[in-house]
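Chemist: this is a predicted model, with the sequence first.
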Amino acid sequence: DVKVTQSSRYLVKRTGEKVFLECVQDMDHENMFWYRQDPGLGLRLIYFSYDVKMKEKGDIPEGYSVSREKKERFSLILESASTNQTSMYLCASRGLYNEQFFGPGTRLTVL
Amino acid sequence: AQSVAQPEDQVNVAEGNPLTVKCTYSVSGNPYLFWYVQYPNRGLQFLLKYITGDNLVKGSYGFEAEFNKSQTSFHLKKPSALVSDSALYFCAVRDMRSGANNLFFGTGTRLTVIP
């Protein structure tokens, strides 16, 4: 089975802090994704990556950056956290038939 | 422009009754369609997909979905609901805007199965 893990389930940070969210997948997938999930808005794509060191902006990239130094790891970075970035963050990797496999999510609260 | 609509925020159904969670889509070209389920405080789990072939697709946990091209719909169904089916359900369509085959998600439908 594909396994996608995320470094934290719950995270509390203060406004202005730099935040790193880590995601690791074990299926050698090339494409990885970061979403945020908010009630009533569904999932919105922040960034995605085709392969190592390759990244593309999604629909809501403002305030975020990403890093993909190794194929299995895709990191989401909040350079200076703000309260409107309080959300559930979901990482996914894409399988052979376009289905995406999700991690358990990180619920981030910015105070 | 492509879009996915889940017209119902909430669906309630009695245990043992059939359930339907609705999804309509708008894409250019042939759609790749997906259903995911999310249990409380968990990530999304893949249920089923339609890419080509039979319009009735069978997936995990006894769920199935019917692709209807003329109505641009992909409704999720189950003949007999279980209390454990209570969760948040997302419909998704392949995003044709990029080469990475992103998924574009609906806003979700919360299913509650009443004992």
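Modeler: Everything's here; your move. Here the structure is a predicted model, which is why all the values come from computation and not from measurement.
Chemist: after the longest strand along chain A, next one along is what?
Modeler: Identified as the longest strand of chain A according to DSSP state E is strand A:42-51. Next in sequence after strand A:42-51, counting helices and strands by DSSP states H and E, comes strand A:54-57.
Chemist: packing partners for that next one?
Modeler: Packing partners of strand A:54-57 (3 or more C-beta pairs under 8 Å, 6 or more residues apart in numbering or on different chains; DSSP states H and E): strand A:42-51, strand A:64-70. Where C-beta positions appear, they are placed from N, C-alpha and C, glycine not excepted.
Chemist: would you format those as CSV with mean neighbour count, distance to chain B and mean pLDDT included?
Modeler: Shown next, in CSV, are those (neighbours: other C-beta atoms under 10 Å in any protein chain shown; distance: least, C-beta to the nearest C-beta, whole Å; pLDDT from 0 to 100):
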stretch, mean neighbour count, distance to chain B, mean pLDDT
strand A:42-51, 21, 4, 92
strand A:64-70, 16, 12, 96
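Chemist: which parts of chain B sit against chain A?
Modeler: Proximity of chain B to chain A (C-beta under 8 Å from any C-beta of the partner chain) is limited to residues B:9, B:32, B:34, B:36, B:41-46, B:49, B:51, B:90, B:94-95, B:98-103, B:105-108.
Chemist: mark which of those are buried, thanks.
Modeler: The neighbour-count test (16 or more other C-beta atoms under 10 Å in any protein chain shown) marks B:32, B:34, B:36, B:43-44, B:46, B:49, B:90, B:94-95, B:100-103, B:105-108 as buried among the residues of chain B next to chain A.
Chemist: residues contacting the residue nearest the centre of chain A?
Modeler: Centroid-nearest residue in chain A, with C-alpha atoms, centre = their mean: residue A:34, separated by 3.1 Å. Contacts of residue A:34 were listed using C-beta atoms under 8 Å, 6 or more residues apart in numbering or on different chains, and they are A:21, A:23, A:45-48, A:58, A:64, A:66, A:74, A:76, A:89-91.
Chemist: switch the cut-off to 10 Å
Modeler: A:21, A:23, A:44-49, A:55, A:58, A:61, A:64, A:66, A:74-76, A:89-92, A:103 (C-beta atoms under 10 Å, 6 or more residues apart in numbering or on different chains).
Chemist: separation between it and residue B:79?
Modeler: Applying C-beta to C-beta, to the nearest Å, the value for residue A:34 to residue B:79 is 36 Å.
Chemist: tell me where the model's unsure across the chain.
Modeler: Assuming you mean chain A. Scanning chain A for pLDDT under 70 picks out the ranges A:1-2.
Chemist: to clarify, I was referring to chain B.
Modeler: In chain B, residues with pLDDT under 70: B:1, B:97-100.
Chemist: so which residues of it form helices?
Modeler: Counting by DSSP state H, chain B has no helices at all.
Chemist: next, count neighbours for the nearest residue to residue A:51 once chain neighbours are set aside.
Modeler: Spatially, and ignoring its direct neighbours in sequence, residue A:51 is nearest to residue A:30 (5.1 Å; C-beta to C-beta, 6 or more residues apart in numbering or on different chains). Residue A:30 has 13 neighbours, counted by other C-beta atoms under 10 Å in any protein chain shown.
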